[in-house]
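Novice: here are the coordinates; sequence isn't available:
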């Protein structure tokens, strides 16, 4: 009988998890340095947390369920913002503003898995609550960029494409799109990049829309909007202008965004968005909290890993496995009795200590086993124990010396 | 409209998550120091991974579901061992033995929430594959103890209660329990501690069992079993004998255990088990892998947190929040323009840097805001900027000095 992981999910063997932890460490480091506090919520929520406010697009993407014999509907979380809004609403007016939160939870989408899109993934969420000025948007974007820079990416690799819902709507209105057709026009603009021009034009004529309403987004656009002009200044203050450009083809699918929206993409445009976010100034109030402006983004691990691998910034993960300090082997006989007590003592001293379970007196074979773990030192328990000594081998230099059993810790930490 | 987290789940606000991370760090530290490699699997698995092998007890405890329009049954993972066995089986003979794995995933049980038992919880899993000798059991138990010691617990606070399935079965057999009634006898022994004596005796007579079969477990028992005698020696080698005792009332509910089993309890016995584990030498083969002995345990965060709080070893979590290095405030006017660039520069240098979003020239108020974050230093941007200087205040000593803007990093890291 053979079992497999569910379609669209991943088994993380040690090196795979080391690669994920490398990304998570960059996310956490950027967040904490920028003064964001980490939070977590339940892996599943009441289904209506998602169906009530997140727009119809989300419903078909959910894994939903009931408890056996129960009548409450739950769903695995597809995104973190509703949980965050619920938690902020629960604190209500006792929340110190601004509140800066981040999280790195697992998320779930029931869609067909494809390149860059899985059914379970990790997503970094960064949110700043209580500030309505574009300086908050700039700080949030700067935090995203800091994490990408931590991972070795530069402004030549990735770009933050910034837009504003009001500007896009106003551009579409001026080109003759009616109020009735605005939502479908926004949806089509959002999806345009993922369609062939022929399919796009078919969709337009299906809905009685003109291509000229959309070609206006292809050239450079003059920024004539107070919030964006202010944001432009702030991006310069944060020294990240070269990472950013204004691009009004960015709409973001979710219904709760209210103003500035942005996506981070690989410059080539070959992959899906690395991150997406924007302002959601009404959401916390909608969830029963006080009126509270908010801006944030989500960045998943799947597309980011593809981009990092493409740029040569991520190997198979084995480069991030923790390196043992000491591998203890016994040359057999009486020394075997010293193996566990010695290892126990070294671990108690805080050293990453491995040992062999093999019953062989062939020290050469045991040293080969030690070398495979990439250990810094090997300690050989042998006849030198009679005088209270052991042989210690520096696995990088190959140098082998005899030291007192009690001096292993100081030798290794020197 | 007000939403709440689902019953039996938790919202982790920053200090709550800091407390959880404190526990997770102790787990991870003990694991890595002992040479275990971290793995992760999917949050949900195919339902039959659990129903086929884990015993009937698990079925009613699962959250199970299908994808909308799909016909595959999934379940949120109630425990990690089936995932680990599946992953080991998938690697098959390519797995280097011994393999030492740990994980700290979320788990889910659909039972009624009660003290020490929630519907979602974190559990540390530690497993050693490929060694059939009790030295492996001893190392695994020593790793559990190392984590508890990391958290400040001593052998006076907790005890590892060690048993062996074969010994328990043999004791029950000798006292007259028939083969047919063995499973129910084991189940009742496992649950005896949680029942009143009256209820227990009622259950016995219901199944035609004698109380004398069970009272034999209450006194000390002579260890007359090769594996246990060997384990006893190894526990002494690992210097953890004083943390351990043999106790044949320990059975463990799950059907897959094959030999030595153990639980870790608070000495008083007031709480549920902190951890439970044992040998499951047949499981990996059952999942399609090679025949492979294995031993491991799981330790959840819920009971452990209760024990730590009870012992005064865990506060409300705020004691573990990361401390900011610098809080930057502006005295207003021209200095405002230096706020974001200064903060950006300090964060780029790797310092945990916070800032105010308030528009006030009242430096006293801003220093109060800074103090609330527990920052080590406050930097005041004011008229000293004209000569390239800032005022920096050591928030612990209260000392305030004027330094060059460019010297902040070296001043703080000194």
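Specialist: Alright, I've got the coordinates. Keep in mind the model is a prediction, meaning the values are calculated, not measured.

Novice: gap between residue A:294 and residue A:252?
Specialist: 14 Å (CB to CB, to the nearest Å). C-betas here are computed from N, CA, C, even on glycine.

Novice: residue ranges of the helices in chain A, please?
Specialist: A:14-33, A:48-51, A:81-91, A:134-150, A:165-174, A:182-191, A:197-206, A:212-215, A:226-237, A:283-286, A:301-310, A:336-348, A:363-372, A:408-413 (DSSP state H).

Novice: Now do the fourth one: distance to the chain's middle.
Specialist: So that's helix A:134-150. 14 Å (CA atoms, centre = their mean, to the nearest Å).

Novice: Does that helix reach chain B?
Specialist: Yes: for helix A:134-150 and chain B, the contact criterion (CB under 8 Å from any CB of the partner chain) is met by A:135, A:136, A:138, A:139, A:142, A:146.

Novice: ok, residue A:294 and residue A:252, which is more surrounded?
Specialist: residue A:294 (29 against 19; other CB atoms under 10 Å in any protein chain shown).

Novice: check contacts around the closest residue in space to that one that isn't next to it in sequence.
Specialist: Spatial nearest neighbour of residue A:294, chain neighbours left out: residue A:129 (4.7 Å); criterion: CB to CB, 6 or more residues apart in numbering or on different chains. Counting by CB atoms under 8 Å, 6 or more residues apart in numbering or on different chains, residue A:129 touches A:88, A:95, A:97, A:98, A:99, A:100, A:101, A:284, A:292, A:293, A:294.

Novice: Check whether the first one really touches residue A:100, as I assumed.
Specialist: No: contact status for residue A:88 versus residue A:100: not in contact, 11.6 Å apart, counting by CB atoms under 8 Å.

Novice: picking up where we left off before, of the contacts of residue A:129, which belong to strands?
Specialist: The strands in this structure, assigned by DSSP state E, contain A:99, A:100, A:101, A:294 from the contacts of residue A:129.

Novice: sorry, back to before: out of the contacts of residue A:129, who's the most crowded?
Specialist: residue A:294 (29 neighbours).

Novice: which ones are touching it?
Specialist: With CB under 8 Å, 6+ apart, residue A:294 has these contacts: A:85, A:88, A:127, A:128, A:129, A:130, A:279, A:280, A:281, A:283, A:284.

Novice: and if you look at residue A:179?
Specialist: residue A:173.

Novice: how about 10 Å then?
Specialist: A:169, A:173 (CB atoms under 10 Å, 6 or more residues apart in numbering or on different chains).

Novice: With residue A:163 instead?
Specialist: So residue A:163 contacts A:189, A:217, A:221, A:228, A:246-252, A:257, A:259-263, A:278 (CB under 10 Å, 6+ apart).

Novice: so what's it bridging to?
Specialist: Listed beta-bridge partners, residue A:163: residue A:261 (assigned using DSSP bridges).

Novice: Just to check, residue A:374 is in contact with residue B:37?
Specialist: No: Residue A:374 lies out of contact with residue B:37 (CB atoms under 10 Å); the separation is 11.8 Å.

Novice: residues in the stretch 201-350 of chain A within reach of chain B, list them.
Specialist: A:233-240, A:285-289, A:321-322, A:324-327, A:336-350 (CB under 10 Å from any CB of the partner chain).

Novice: now do 7 Å
Specialist: Residues of the stretch 201-350 of chain A lying close to chain B (CB under 7 Å from any CB of the partner chain) are A:234, A:237-239, A:287-288, A:322, A:324, A:340-341, A:344, A:347, A:350.

Novice: what's near enough to touch the nearest residue to residue A:160 once chain neighbours are set aside?
Specialist: Closest residue in space to residue A:160, ignoring its immediate chain neighbours: residue A:244 at 4.4 Å, by CB to CB, 6+ apart. Listed by CB atoms under 7 Å, 6 or more residues apart in numbering or on different chains, the contact partners of residue A:244 are A:141, A:160, A:162, A:235.

Novice: hmm, 8 Å instead?
Specialist: Counted by CB under 8 Å, 6+ apart, residue A:244 has contacts A:141, A:159, A:160, A:162, A:235.
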